[in-house]
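J.: return atomic coordinates for the entry below.
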Amino acid sequence: MPLEGSTMTSGYLSIKNISGKAIEINGIDCLQIRAEIHETTMNAQGTMKMKKVDSFLLKSGTSSIFVPGGKHVMFWGLNNYDNEHLKCNFIVTDGDPIEINFLVQERG
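T.: I've put the predicted structure just below:
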């Protein structure tokens, strides 16, 4: 649930697993900003629905691209964030976090 007075916005990226094993990503941590991994899907009736993704598997040698209308990161509270970059980490099962450095841009 968004905080009162805060707005939601989306973040996009691509990630490639160059390791020799599958990586399970089970969340994102952006320290001072609330963030969640979400995915937009379409049902058989053509209705689009967004839902939180608790985890996803990235097999060795594969990529995942976060795009509008697909998998993306939802942020709450960036309306008062005044840094050019936002450092986050994908939380990984059985491994070190994966650092992400988002470029924060004005909407428009």
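
J.: can I get stretch 48-57 as PDB, trimmed to CA atoms?
T.: Provided in PDB are the C-alpha atoms of stretch 48-57 (Å, rounded to 0.1, in the frame of the first residue of the first chain):
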ATOM      1  CA  MET A  48      -4.200  -6.700 -17.700                       C
ATOM      2  CA  LYS A  49      -3.300  -7.300 -14.100                       C
ATOM      3  CA  MET A  50      -0.200  -6.300 -12.100                       C
ATOM      4  CA  LYS A  51       1.000  -8.500  -9.300                       C
ATOM      5  CA  LYS A  52       3.900  -8.700  -6.900                       C
ATOM      6  CA  VAL A  53       6.600 -11.300  -7.900                       C
ATOM      7  CA  ASP A  54       7.900 -13.100  -4.800                       C
ATOM      8  CA  SER A  55      10.800 -14.800  -6.600                       C
ATOM      9  CA  PHE A  56      12.000 -15.800 -10.100                       C
ATOM     10  CA  LEU A  57      14.700 -18.100 -11.400                       C
END
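
J.: which other residues reach it?
T.: For stretch 48-57, the external contacting residues (Cβ atoms under 8 Å, 6 or more residues apart in numbering) are 22-27, 36-43, 64, 69, 71, 93. Quick note: C-beta positions are derived from backbone N, CA and C, even for glycine.

J.: so the residue of the chain most remote from its centre, which of the three states?
T.: Residue farthest from the centre of the chain, counting by Cα atoms, centre = their mean, is residue 45 at 26.6 Å. Secondary structure, DSSP: H, G, I helix; E, B strand; the rest coil: residue 45 is coil.
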